[in-house]
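In: sequence-free structure coming up:
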């Protein structure tokens, strides 16, 4: 039986659904999504927990449902703008005065094995 691969949009929806609980407890971080052959492989969240003395503190309340929805929409826009099949998208976010500040880093990468040279 042959199954059609999920669209990249559908895959990103699955990523955000998987990360929802983790993102709801963070006020800042970076969501990363690694793409190979137009398929999402590895994904996750990078975050920096601040410490003061021996106490580890979270940097404030986490993201609301509205903030999560906004991040999801921004992630979808970043998919539309890419022109590559192999790379990584990083979506940086931070809460500042109850506003969501975001930045997208889109990275393409290539493998020399796939380049053909004429001799």
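Out: Cool, the structure landed. Quick caveat, the model's predicted, so the values are computed rather than measured. Numbers count the residues shown, from 1 in each chain.
In: what number of residues lie near residue 115?
Out: 7 (other CB atoms under 10 Å). C-beta coordinates here come from the backbone N, C-alpha and C atoms, glycine included.
In: that one and residue 78, how far apart?
Out: Noted for residue 115: a distance of 26 Å to residue 78, by CB to CB, to the nearest Å.
In: go through the helix or strand that contains residue 92 and flag the buried ones.
Out: Assigned by DSSP states H and E, residue 92 falls within strand 87-96. Neighbour counts over strand 87-96 (16 or more other CB atoms under 10 Å) mark 87-91, 93-95 as buried.
In: do stretch 98-118 as well
Out: Those would be residue 100, for stretch 98-118 by 16+ other CB under 10 Å.
In: next one: it to chain centre, how far?
Out: Mean C-alpha position of stretch 98-118 versus that of the full chain (CA atoms, centre = their mean, to the nearest Å) differs by 13 Å.
In: for the record, mean pLDDT for it?
Out: The average pLDDT for stretch 98-118 rounds to 84.
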